[in-house]
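Give me coordinates for this.
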Amino acid sequence: MPFSLTYGTEAMIPAEIGIPSVRVLLIDDFDYELRMNLDHLEERRELASIHDHNYKGQLQKYYNSRVQKRTFDAGDFVFRNNDASGQEPPGNLAPTWEGPYKVKQVLSKGAYKLEKLNRTEVPRTWNGAQLKKCYI
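Sure, this is the predicted structure:
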């Protein structure tokens, strides 16, 4: 299929050109069939594009059905993912979560401003997927 979308015709091995196969013998006018394949190329590309769009939509739906939505309010205590912050060197014995931190401000689209317990602001904003609720 990718070959025909690129070149407008089905792939043929060199031996098929010299010694015609059953596929080539069944075609009466080979040049006419090649021209018809080129005429239908745009339609086949559109169908492939529609199929690709539908497939990506299905993948997105599958992924989003398994994502845990995490929302926090200002004043909540949270742990921050160590992989996202990079405070500790990675390794098998490195802690997964660090903190606790306090949510200072809730920004749009799941972004949060954090502060340490001594009220110093943590640089950068943090995504809700990188945070976990802390019960103190």
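
For the longest strand along the chain, which helices and strands make contact with it?
Looking only at the chain and at elements set by DSSP state E, the strand with the highest residue count is strand 97-106. Contact here means 3 or more C-beta pairs under 8 Å, 6 or more residues apart in numbering; DSSP states H and E; on that basis strand 97-106 packs against strand 77-81, helix 82-85, strand 111-115. (Glycine included, C-beta is placed from N, CA and C.)

strands paired with that strand, and their directions?
strand 77-81 (antiparallel), strand 111-115 (antiparallel) (DSSP bridges).

Generate CSV for those strands, with mean pLDDT as supplementary columns.
Listed next are the strands paired with strand 97-106 as CSV, based on pLDDT from 0 to 100:
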stretch, mean pLDDT
strand 77-81, 90
strand 111-115, 90
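
Ok, which of the ones you listed comes nearest residue 31?
strand 111-115 (61.0 Å; C-beta to C-beta).

Tell me the helix or strand right after the closest one.
Downstream of strand 111-115, the first helix or strand assigned by DSSP states H and E is strand 126-127.
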